[in-house]
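Peer 1: This is a predicted model, with the sequence first.
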Amino acid sequence: MASATGLFDQRALSWDAETLAAAGIDQRRLFPLCDLGDGRRGLRPQWARRWPALARATWFPALGDGATSTIGSDCIDRARIALNVGTSAAMRFVVDE
């Protein structure tokens with residue numbers, strides 16, 4: 001999930017070059033960014049050999065548990081706030097922006 005890495009510029013919707021440089025990470029080592037509905041088929045060769053049953057599987061980007069639990073709690077606008085409690089707690093709501 002790119003947005004949770006600290007390496008992603010959410011305004012530009014791209015990897016943040018300055019942060020990548022500071023962390024010593026070459027962008028080519030990261031998976032390409034994609035939309036939630038854009039699946040990727042297959043595995044890299046080394047992993048396909050290890051897990052042949054998954055070699056042609058379609059993979060989709062991860063969804064954050066905060067966002068999914070908020071929407072799953074039917075808190076889809078400012079009228080309702082989702083309260084999630086676990087090892088930490090959060091109150092979330094959806095905004096138009």
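Peer 2: Thanks, I have it.
Peer 1: Point out where the chain drops to low pLDDT.
Peer 2: Across the chain, the ranges flagged by pLDDT under 70 are 1-4.
Peer 1: where do the strands sit along it?
Peer 2: Assigned by DSSP state E, the strands in the chain fall at 8-9, 14-15, 40-41, 58-59, 82-85, 89-92.
Peer 1: need the contact list for residue 23.
Peer 2: Taking Cβ atoms under 8 Å, 6 or more residues apart in numbering as the contact definition, residue 23 lies against residue 7. Yep, even glycine has a C-beta here, placed from its N, CA and C like the rest.
Peer 1: and the gap between it and residue 97?
Peer 2: The gap separating residue 23 from residue 97 is 28 Å, by Cβ to Cβ, to the nearest Å.
Peer 1: most packed of the strands of the chain?
Peer 2: Neighbour counts (mean count of other Cβ atoms under 10 Å) averaged over each of the strands of the chain peak at strand 8-9, with a mean of 16.
Peer 1: Could you list the paired strands of that strand along with their orientation?
Peer 2: strand 14-15 (antiparallel) (DSSP bridges).
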